[in-house]
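Enquirer: what follows is a protein structure lacking sequence information:
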């Protein structure tokens, strides 16, 4: 999680024994339509979307690899999986994540500037607010 699905392509040969589900998060990747509201960009909402994909695919066991903004989304996903009886999370790699405020300089700057006047700046504001 984090960035877009193309970022994971170099890892596929090394991890070829695993089944991969690599979602493009809202606003990332090709063909990703803009959500109707800025609230759709919250970490929790994106984690709920990923959880629905996992349920639809019938995933029973899960190892999560998260990068950057995908880290906070993955942490919410772990809670959702636990609270909803699955899938079972067997482990997680959290690379270059926004784990604390020191990692979130850009996100904090966005929050401090406020939601702005455009839909894009409002979406950035709502998503960054989850990180700091």
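Expert: All right, it came through fine. Model, not experiment: these values are computed from the prediction.
Enquirer: I'd like the distance between the closest residue to residue 78 other than its chain neighbours and residue 20.
Expert: Sequence neighbours aside, residue 89 is the residue nearest to residue 78 in space, at 5.5 Å (criterion: Cβ to Cβ, 6 or more residues apart in numbering). Placement of C-beta: from N, CA and C, glycine included. Distance of residue 89 to residue 20, given as Cβ to Cβ, to the nearest Å: 16 Å.
Enquirer: so for these two, which sits in the more crowded spot?
Expert: Using other Cβ atoms under 10 Å, the more surrounded residue of residue 89 and residue 20 is residue 89, with 17 against 11.
Enquirer: so which elements touch the one helix or strand the more buried one maps to?
Expert: Using DSSP states H and E, residue 89 maps to strand 88-95. Where contact means 3 or more Cβ pairs under 8 Å, 6 or more residues apart in numbering; DSSP states H and E, strand 88-95 is packed against strand 61-67, helix 70-83.
Enquirer: redo the ones you listed as TSV? Include mean pLDDT, mean neighbour count and distance to residue 51.
Expert: Output for the helices and strands packed on strand 88-95, formatted as TSV (pLDDT from 0 to 100; neighbours: other Cβ atoms under 10 Å; distance: least, Cβ to Cβ, whole Å):
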stretch	mean pLDDT	mean neighbour count	distance to residue 51
strand 61-67	89	17	10
helix 70-83	91	20	5
